[in-house]
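**Q** Provided below for reference: sequence and predicted model.
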Amino acid sequence: MSRILVTDLDGTLLGGTRDDRRRLRDALAHHPEVTPVFATGRSPASVREVLRDPLVPRPRWIIADVGATVVDGTDFTTVDPVQEHLRAGWPGQERVRAALRSFPGLDYQHGVVQDGRCSYHLAPDRLTGELTAAVEALGCAWVYSADRYFDVLPPGASKGSAVRALAAKLGWRPEDILVAGDSLNDLSLFRLGVHAVVVGGAEPALLTALAGDPLVHRPGPAGAAGIHAALLDLGWVSPEPEAASAAAQRPAAEGPAAEGPARRHSLVVAYHRPPLHWNGASWQPPGSPNGILPTLTSAFADGLPGVWVTALTGRDRTAALPPPTSLPLSPVPLDTATWRGYFHGACKETLWPVLMSEPGRSVLDERTWADYRTVNARFARHIAAQAAPGATVWLHDYNLWLVPGLLRRLRPDLGTGIFHHTPFPAPDVFATLPVAAELRGSLACLDWAGFHTEEFAGNFRGALAGLPDPPRTGVHPLGIDRPAVERLARLRTPRRAPAGVRVVLSVERLDYAKAPVQKVEAVDRLLSRRPGLLGRIVFRLVCAPPEPGITAYDTTRRHLEQRVADVNTRWQRGTWRPVDYLPHGLPPARVVDEYLAADVLWVTSLQDGMNLTAKEYVAARAALQDRDAAPGVLVLSRHTGAAAELGEAALLTDPRSPEDLTAVLARALDLAPAERRARMERLSELLGRERPGDWAARIVRAIRGCSAPVPPPVTPPVTPPMTPRSGRPSPVAARRP
């Protein structure tokens with residue numbers, strides 16, 4: 001679960017000895033689920049200078065100018081509308097300075113960059129009622145601290161109000177926030193009703209303002225040591241990071257082929273799904289010979305050096321199972337509840353709809369998003385333990401989007417790249433995510449990002465526009481294991497539909513993004529317009545169900561089943577029905593049988609990173625081209641990555657247009673044999689013969705080519721997840737408003 005540390009800088013985070021600051025930095029690096037937020041009187045430019053110090057942790061967010069400025073700690077861009085709200089009513093520096101010019105002893109700080117505030121030096125005996133009344137007459141607020149600093153602020157601005165606004169925007173819970181400070185300009189932080197710590201050596205006036213409040217922790221140590229003590233008392237960090245790291249180094253029975261992290265690897269590949277599943281008697285590979293799991297399996301079999309980090313859930317994570325293969329797997333065990341929140345909830349209900357350019361379907365649940373953060377943090381810690389100094393990390397897909405930012409904190413020496421097998425949405429669609437800023441900050445920590453098409457790469461660059469040093473991007477469309485498909489095709493005896501019957505085929509998993517309902521309705525429209533096709537076409541929809549427990553697709557399943565029943569009832573003639581719905585998956589050989597029997601393969605994804613089914617169909621039909629009297633036709637959605645490669649020979653369709661969907665299907669059925677053959681021959685040429693292992697090797701080279709080596713961290717970077725202490729109330733308690 002994500003925790004938020006909101007800390008003042010001078011006298012607090014920057015206070016204490018260098019050893020104190022180093023211990024705090026290392027504790028935060030060991031626990032990437034604790035997110036630092038700076039709340040300071042400094043300007044953003046001054047904070048940049050502070051960040052040159054290697055002992056200062058990188059903040060995710062920065063509240064500057066005593067609460068008048070809020071910026072993203074990744075790229076220093078303004079966080080609107082939060083900042084706009086905080087500055088409402090600000091009359092401007094010139095008006096404030098003009099109104100206060102006559103007050104004696106009020107010395108404007110000319111050497112301090114100021115934005116949205118006016119800062120002065122002022123002796124205590126000069127803080128008069130007349131001065132504060134003049135400030136209030138301007139409609140402004142003021143803060144006096146350290147018997148020296150007098151800050152004039154917008155009426156709604158303070159460190160506390162800025163934290164409250166960020167918490168509302170990002171969904172932070174009060175019990176997950178710890179604030180730390182040492183002076184009166186931090187007082188508003190202590191009024192938030194969250195965990196609070198006053199570090200040793202704090203301003204006496206702050207201690208007086210908080211006197212008698214037993215809920216505010218006063219640990220004794222000054223500066224960074226005081227923050228560290230509070231984090232320890234909360235149980236948010238390990239009390240003995242060195243010992244915990246040593247324990248993490250010991251081999252443990254994590255599951256099949258677990259590797260003790262004593263051996264470090266120059267390449268770490270991470271994907272949330274394992275390449276094999278224990279069925280109770282043996283390890284089973286994926287059903288299809290193509291896709292990312294078979295591709296990575298093939299790459300490692302071909303000698304790709306390194307280790308494969310993956311999740312193990314359910315019984316697979318705890319049972320004493322035999323090693324599955326020679327694959328260098330290193331599992332991250334996840335309990336069922338965390339997996340469901342992470343994958344079924346955050347991945348499929350929050351992120352997937354946006355990737356499919358369907359933001360209206362996206363739902364953010366703070367509980368499942370906390371699981372997403374937890375899983376990403378566990379992957380990051382596990383990767384950090386497996387990686388040799390200066391190693392290359394290759395992540396896969398949106399399921400691990402928070403890992404780059406966590407690794408930057410844990411292991412800044414690593415070169416990190418990610419490949420997106422999904423689409424990447426347009427910048428304005430990505431921005432609809434309530435967690436877009438959090439994701440953007442993590443993705444900014446990548447060295448390289450890869451995509452199937454230039455369009456998706458451009459969308460990524462647009463989403464991260466404005467960064468001073470954005471990740472490099474590459475376009476590397478994934479192919480298929482063409483020889484494997486061809487071998488299956490040549491071993492099969494093509495079966496044909498009854499004479500005069502055309503078969504239109506779709507092979508896909510149940511997902512609204514594949515537009516299955518739209519296809520059934522297009523068949524309905526086609527039959528109503530061309531009754532001569534009654535009894536002469538069959539739409540065979542092979543539609544495998546999603547992983548059990550994903551409720552996001554329940555509505556699609558019910559709607560699809562109803563529309564199939566409606567259309568079949570309307571048009572059935574004797575034993576003939578227009579839609580042959582198979583709500584289950586098929587083994588690879590059976591899928592190839594379907595390819596060889598289909599006159600048309602109909603791919604209608606609303607969005608699709610690639611769509612390897614289209615490529616498999618081409619490979620299977622092209623393998624039998626010399627004895628294929630009626631070559632197949634590929635109807636391909638314009639919104640698939642495959643369209644960028646195969647579009648000139650396929651018939652392109654727009655599944656978002658009912659008319660186009662119907663018209664292009666009709667055209668496919670009407671194509672003359674000569675044109676069908678010419679298109680299939682061209683599709684075979686465009687498909688190419690690159691091996692998936694070669695594709696993987698090219699991407700590893702691309703990541704390594706753009707990551708600069710950085711010295712590894714001094715201390716071991718990994719600890720196991722901490723369990724909060726129990727058995728006694730924490731001395732760092734939530735302060736009442």
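**A** Structure received.
**Q** contacts and neighbour counts: CA atoms only from here.
**A** Will do.
**Q** mind listing the strands for the stretch 1-150 of the chain?
**A** For the stretch 1-150 of the chain, the strands defined by DSSP state E, counting those that start in this stretch cover 3-7, 34-39, 61-64, 69-72, 107-108, 118-121, 141-145, 149-153.
**Q** let me have these in CSV, adding distance to residue 572, mean pLDDT and mean neighbour count as columns.
**A** Below are the strands of the stretch 1-150 of the chain laid out as CSV (distance: least, C-alpha to C-alpha, whole Å; pLDDT from 0 to 100; neighbours: other C-alpha atoms under 10 Å):
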stretch, distance to residue 572, mean pLDDT, mean neighbour count
strand 3-7, 59, 94, 23
strand 34-39, 61, 94, 24
strand 61-64, 62, 94, 28
strand 69-72, 60, 93, 25
strand 107-108, 86, 92, 16
strand 118-121, 79, 94, 21
strand 141-145, 76, 91, 19
strand 149-153, 75, 93, 24
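**Q** work out for me the element the closest residue to residue 306 other than its chain neighbours sits within.
**A** In space, and not counting its chain neighbours, residue 306 is closest to residue 267: 4.5 Å by C-alpha to C-alpha, 6 or more residues apart in numbering. Element membership of residue 267, judged by DSSP states H and E, is strand 265-270.
**Q** mind listing residues that contact that strand?
**A** Strand 265-270 is contacted from outside by 305-310, 379, 383, 386-396, using C-alpha atoms under 8 Å, 6 or more residues apart in numbering.
**Q** looking at those, which are in strands?
**A** Among the contacts of strand 265-270, the ones falling in strands (DSSP state E) are 307-310, 387-396.
**Q** show me which of the residues you listed is closest to residue 416.
**A** Nearest to residue 416, judged by C-alpha to C-alpha, of the ones in strands among the contacts of strand 265-270 is residue 393 at 4.7 Å.
**Q** residue 313: neighbour count?
**A** Per other C-alpha atoms under 10 Å, the neighbour tally for residue 313 reads 21.
**Q** so how far is residue 271 from it?
**A** Distance, residue 313 to residue 271, using C-alpha to C-alpha, to the nearest Å: 14 Å.
**Q** then residue 394?
**A** Residue 394 is 9 Å from residue 271, by C-alpha to C-alpha.
**Q** any chance you could map the helices in the stretch 301-450 of the chain?
**A** Assigned by DSSP state H, counting those that start in this stretch, the stretch 301-450 of the chain shows helices spanning 336-339, 352-355, 366-386, 403-410, 427-430, 436-443.
**Q** out of the ones you listed, which is the most enclosed?
**A** Greatest average neighbour count among the helices of the stretch 301-450 of the chain goes to helix 403-410 (a mean of 26), per mean count of other C-alpha atoms under 10 Å.
**Q** which strands and helices sit next to that one?
**A** With contacts defined as 3 or more C-alpha pairs under 8 Å, 6 or more residues apart in numbering; DSSP states H and E, helix 403-410 has these neighbours: helix 18-30, helix 366-386, helix 436-443.
**Q** what angle separates that helix from strand 387-396?
**A** With axes from the mean of the first three to the mean of the last three C-alpha atoms, to 10 degrees defining the directions, helix 403-410 sits at 170 degrees from strand 387-396.
**Q** list the contacts of helix 403-410.
**A** 29-30, 32, 57-58, 376-377, 379-381, 384, 414, 416, 441-446, 713, 717-718.
**Q** kindly report the same for stretch 636-651.
**A** Outside stretch 636-651, the residues within contact range by C-alpha under 8 Å, 6+ apart are 423, 452-453, 477, 602-612, 614-615, 633-635, 652-655, 664, 668, 679-680, 682-683, 686-687.
**Q** tell me the mean pLDDT for that stretch?
**A** For stretch 636-651, the mean per-residue pLDDT is 96.
**Q** buried residues in that stretch, which are they?
**A** Under the neighbour-count criterion of 16 or more other C-alpha atoms under 10 Å, stretch 636-651 has 636-647, 649-651 buried.
**Q** distance between the ends of that stretch?
**A** With C-alpha to C-alpha as the measure, the first residue of stretch 636-651 is 6 Å from its last.
**Q** what of stretch 62-71?
**A** 5 Å.
**Q** distance from it to the middle of the chain?
**A** Its chain's C-alpha centre and that of stretch 62-71 lie 26 Å apart, by C-alpha atoms, centre = their mean, to the nearest Å.
**Q** got the contact list for that stretch?
**A** With contact meaning C-alpha under 8 Å, 6+ apart, stretch 62-71 is reached by 37-44, 61, 72-73, 77-79, 82-83, 86-87, 114-117, 151, 153-154, 157-163, 185.
**Q** what is the mean pLDDT for stretch 269-287?
**A** For stretch 269-287, mean pLDDT is 75.
**Q** low-confidence ranges, the stretch 101-250 of the chain, go.
**A** Residues of the stretch 101-250 of the chain meeting the criterion pLDDT under 70: 212-215, 240-250.
**Q** now do the helices in it.
**A** Shown for the stretch 101-250 of the chain, the helices assigned by DSSP H, counting those that start in this stretch span residues 129-137, 159-170, 204-209, 223-234, 241-249.
**Q** what pLDDT is listed against residue 323?
**A** For residue 323, the model assigns a pLDDT of 53.
**Q** in the stretch 551-700 of the chain, where is pLDDT below threshold?
**A** Across the stretch 551-700 of the chain (using pLDDT under 70), the flagged ranges come out as 628-629.
**Q** any chance you could map the strands in it?
**A** Going by DSSP E, counting those that start in this stretch, the stretch 551-700 of the chain shows strands at 579-582, 600-603, 633-637, 651-653.
**Q** nearest to residue 202, out of these?
**A** Closest to residue 202 of the strands of the stretch 551-700 of the chain is strand 633-637 (C-alpha to C-alpha; 64.1 Å).
**Q** pairing partners for that closest one, with directions?
**A** When pairing is defined by DSSP bridges, strand 633-637 lines up against strand 600-603 (parallel), strand 651-653 (parallel).
**Q** how far off centre is the last one?
**A** With C-alpha atoms, centre = their mean as the basis, strand 651-653 stands 31 Å off its chain's centre.
**Q** what does stretch 54-65 give?
**A** Worked out by C-alpha atoms, centre = their mean, stretch 54-65 lies 22 Å from the chain centre.
**Q** now the terminal residues of that stretch, how far apart.
**A** In stretch 54-65, first residue to last residue: 23 Å (C-alpha to C-alpha).
**Q** check stretch 8-21 too.
**A** End-to-end distance of stretch 8-21: 14 Å, with C-alpha to C-alpha as the criterion.
**Q** quick one: mean pLDDT for it?
**A** For stretch 8-21, the per-residue pLDDT averages 93.
**Q** list the buried residues for that stretch?
**A** 8-9, 11-16, 20-21.
**Q** could you dump these to TSV with distance to residue 176?
**A** Formatted as TSV, these follow (distance: C-alpha to C-alpha, whole Å):
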residue	distance to residue 176
8	17
9	20
11	23
12	20
13	19
14	23
15	24
16	25
20	24
21	22
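**Q** let's see which of the residues you listed end up in helices.
**A** If you go by DSSP state H, the buried residues of stretch 8-21 have 20-21 in helices.
**Q** residue contacts, residue 218?
**A** Listed by C-alpha under 8 Å, 6+ apart, the contact set of residue 218 reads 197-200, 226.
**Q** nearest to residue 498, out of those residues: which one, please.
**A** Distance to residue 498 across these (C-alpha to C-alpha) is lowest for residue 197, with 78.7 Å.
**Q** re earlier: residue 345: which of the helices of the stretch 301-450 of the chain is closest?
**A** helix 366-386 (5.6 Å).
**Q** the inter-axis angle of that closest one versus helix 18-30?
**A** Per the same axes, to 10 degrees, the angle that helix 366-386 makes with helix 18-30 is 110 degrees.
**Q** quick one: list the elements packing against helix 366-386.
**A** In terms of contacts (3+ C-alpha pairs under 8 Å, 6+ apart), helix 366-386 is packed against strand 265-270, strand 307-313, strand 329-334, helix 336-339, helix 403-410.
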